[in-house]
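**Student:** Provided below for reference: sequence and predicted model.
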Amino acid sequence: MFYLGIDVSKGKLDCALLDAAKDKIKSKVVTNDVEGFSELQRWLKKQKAEVPHVVMEPTGVYHEPAAFFLSDAGLTVSFVNPSQIRSFAQG
């Protein structure tokens, strides 16, 4: 099983791909636009992780285009509550 964590900002997506079976993480940075989303899809295919479970923090409206694109591509997309992330970081 693969998990793709995405840290969303206005201009870019910082992505971390976890291969749970091998306990390995690979990272990739793409632009937060259709070209970047397509690049991310190609990279996932190259990693043999075409259908990871995507997890991202909802950040205003900046996460929406990526979430819709990935969901339309058939991926499961989940959102993490920002206050839980903040509490985890403080711990």
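**Tutor:** Thanks, I have the structure now.
**Student:** surely residue 44 meets residue 38?
**Tutor:** No. Applying C-beta atoms under 8 Å, one finds residue 44 not in contact with residue 38, separated by 10.7 Å. In short, each C-beta sits where N, CA and C put it, glycine included.
**Student:** all strands of this structure, in order?
**Tutor:** Assigned by DSSP state E, the strands in the chain fall at 2-8, 12-19, 24-31, 53-56, 77-79.
**Student:** Run through who's touching the fourth one.
**Tutor:** Outside of strand 53-56, the residues that reach it under the criterion C-beta atoms under 8 Å, 6 or more residues apart in numbering are 1-8, 63, 66-67, 70, 75-80.
**Student:** Generate JSON lines for the strands of the chain, with mean pLDDT and mean neighbour count as supplementary columns.
**Tutor:** Converted to JSON lines, the strands of the chain look like this (pLDDT from 0 to 100; neighbours: other C-beta atoms under 10 Å):
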{"stretch": "strand 2-8", "mean pLDDT": "96", "mean neighbour count": "19"}
{"stretch": "strand 12-19", "mean pLDDT": "97", "mean neighbour count": "18"}
{"stretch": "strand 24-31", "mean pLDDT": "97", "mean neighbour count": "13"}
{"stretch": "strand 53-56", "mean pLDDT": "96", "mean neighbour count": "19"}
{"stretch": "strand 77-79", "mean pLDDT": "96", "mean neighbour count": "14"}
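**Student:** List the contacts of stretch 68-85.
**Tutor:** 4, 34, 37, 41, 51-59, 63, 67.
**Student:** for the residues you listed, which one is nearest residue 27?
**Tutor:** Nearest to residue 27 among the contacts of stretch 68-85: residue 4, at 10.5 Å, using C-beta to C-beta.
**Student:** ok, now which ones touch that closest one?
**Tutor:** 15-18, 44, 49, 52-55, 75.
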